[in-house]
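J.: Structural data only, the sequence is not supplied:
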Ligand code: C5P
């Protein structure tokens, strides 16, 4: 990783706490961050562009439009420049607009264009913070991996008491710097992620498959890419579009997935097998549609597919893949997921395994959340709470980084 300073794009929105943004810019600059500021129209009612420009050493961006008109596309340039987007203070309005993906001013447009980590430090009247709609917006944002630095308890400007005061500036600065570092923490590493189901042809018309949606694997690919990794996503047939910046290889059968994964694994630092690979395939898949008998049953003969993960482990042991290659597996079970996961990790020989009970509500196939248990080489299960798949992906990314730091 190069040693250039972390680049923090600070959004300042229109709450009374906007006056503290000046001090926050100083705190970040003191930590040797490079800071550029986007000030919303209402933010500019509380703090002047001149103050923030002087402290940050950069012009302050206030609008998508220029006077005189210029062809500059600020929201894209700023989104490309930044390592992290920090908004402090973030008003209830910012939370709502970010949660819904509005793009009706420069800050919200930058937010939508930006692919890196987002840190929000809300500040508002305690009643607004507690409000059901705000709670829902915060939950939505967190589910997408946004870091919320929650407001503190105390008296707020209007005289009310409760949670609503902008968090401590040092704490906000620290969270932004951690996120900025994380945004490049996997630079230089190639990581292969598999996702989705496989389809095993019975004939040209029919196939065997499973209920995997690919959401977990796609979330992992997105999280790793956001940390600067070069990600190759080997995907079975799913309805998802590829995450930004990720190279996607579409496959259908387990045999095709095996070929694509083994090919990509050559220079990889890690392979994450999140795909629900079919364990078996029809022994013969004729080129013409089978005419099934209508008046009696039909026995389908199956044969085992190669276990891609186990093969990767063997190739690594035989020196055909780098000894340091980190191999991560998943185990989808219905009941006793942890015990089965422990046995599966040992049997397959992968380094880390995430076991999940796909029969549980809010866990497994085609839902937005997941509840998994991490099993490492010591065999000790570490249950993680139910989280969005993006949050599971972030925690897995943290775990992988910890593995590399050992
Ligand atoms: O044995 P089981 O299918 O439960 O193994 C789950 C783990 O092994 C997953 O990580 C999955 O991607 C991987 N796997 C594989 N090749 C197979 C079957 C599963 O790599 N044929």
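T.: Good, I have the coordinates. Remember, predicted model here, so these are calculated numbers, not experimental data.
J.: Quick check: the gap between residue 105 and the ligand.
T.: 44 Å (CB to the nearest ligand atom, to the nearest Å). Yep, even glycine has a C-beta here, placed from its N, CA and C like the rest.
J.: So that residue is in contact with residue 61, correct?
T.: No - at 10.7 Å, residue 105 does not count as touching residue 61 under the criterion of CB atoms under 8 Å.
J.: If you count surrounding residues, which of the two has more?
T.: Neighbours per residue, other CB atoms under 10 Å: of residue 105 and residue 61, the larger number sits with residue 61, 23 against 20.
J.: so that one touches residue 36, yeah?
T.: Yes - Residue 61 is in contact with residue 36 according to CB under 8 Å; the separation is 7.2 Å.
J.: Need the residues touching each of the two.
T.: Counting by CB atoms under 8 Å, 6 or more residues apart in numbering, the shared contacts of residue 61 and residue 36 are residue 78.
J.: shaky segments in the stretch 101-250 of the chain?
T.: The model of the stretch 101-250 of the chain has no residue with pLDDT under 70.
J.: how deep is the residue of it found nearest the ligand tucked in, by neighbour count?
T.: Nearest residue of the stretch 101-250 of the chain to the ligand: residue 194, at 5.9 Å (CB to the nearest ligand atom). Using other CB under 10 Å, residue 194 has 31 neighbouring residues.
J.: Quick one: mean pLDDT over stretch 32-40.
T.: Stretch 32-40 comes out with an average pLDDT of 97.
J.: ok, now stretch 253-272?
T.: Here the average pLDDT along stretch 253-272 is 97.
J.: cool, stretch 52-65 as well?
T.: The average pLDDT within stretch 52-65 is 95.
J.: Quick check: buried residues in that stretch?
T.: Residues of stretch 52-65 classed as buried by neighbour count (16 or more other CB atoms under 10 Å): 52, 53, 55, 56, 60, 61, 62, 64.
J.: Likewise for stretch 278-287?
T.: For stretch 278-287, the neighbour count (16+ other CB under 10 Å) marks 278, 281, 282 as buried.
J.: Out of these, which is nearest to residue 309?
T.: Ranked by distance to residue 309 (CB to CB), the buried residues of stretch 278-287 are led by residue 278 at 13.6 Å.
J.: could you list every residue that touches that closest one?
T.: Residue 278 neighbours (CB under 8 Å, 6+ apart): 197, 198, 199, 200, 208, 209, 210, 253, 254, 305.
J.: and the second one, what does it touch?
T.: Which is residue 198. 209, 236, 251-254, 256-257, 275-278, 305.
J.: Give the members of the residues you listed that are also in contact with the ligand.
T.: Restricting the contacts of residue 198 to those within reach of the ligand (CB under 6 Å from any ligand atom) leaves 254, 275, 277, 305.
J.: if you look at those, which of them are in strands?
T.: Members of those lying in strands (criterion: DSSP state E): none.
J.: possible to save those residues as JSON lines with neighbour count?
T.: Shown next, in JSON lines, are those (neighbours: other CB atoms under 10 Å):
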{"residue": "254", "neighbour count": "24"}
{"residue": "275", "neighbour count": "28"}
{"residue": "277", "neighbour count": "24"}
{"residue": "305", "neighbour count": "18"}
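J.: which ones among the residues you listed are found in helices?
T.: The members of those that map onto helices under DSSP state H are residue 254.
J.: Closest one to the ligand out of the ones next to the ligand among the contacts of residue 198, please.
T.: residue 277 (3.6 Å).
J.: residues touching the closest one, list them.
T.: Going by CB under 8 Å, 6+ apart, the list of residues near residue 277 reads 194, 198, 254, 257, 305, 307, 308.
J.: and the third one, what does it touch?
T.: Spelled out, it's residue 254. Neighbours of residue 254 in contact, by CB under 8 Å, 6+ apart: 198, 200, 277, 278, 281, 305, 306, 308.
J.: Which pair of those spans the longest distance?
T.: Most distant of the contacts of residue 254, by CB to CB, are 200 and 308, 14.0 Å apart.
J.: List the contacts of stretch 143-163.
T.: So stretch 143-163 is in contact with 16-17, 88, 98, 117-127, 129-130, 138, 141-142, 164-168, 171-172, 175, 179, 223, 226, 368-369, 388, 390-391, 393-394, going by CB under 8 Å, 6+ apart.
J.: Could you do stretch 209-220 as well?
T.: 193-200, 233, 235-240, 242-243, 272, 274-276, 278, 330, 332, 358, 365-368, 370, 388-390, 392-393, 396-397.
J.: Now the buried members of these.
T.: Among the contacts of stretch 209-220, the ones that count as buried (16+ other CB under 10 Å) are 193-200, 233, 235-236, 238, 240, 242-243, 272, 274-276, 278, 330, 332, 358, 365, 367, 370, 388-390, 392-393, 396-397.
J.: So which of the residues you listed sit within helices?
T.: Short answer: the buried ones among the contacts of stretch 209-220 in helices (DSSP H) are 389, 390, 392, 393, 396, 397.
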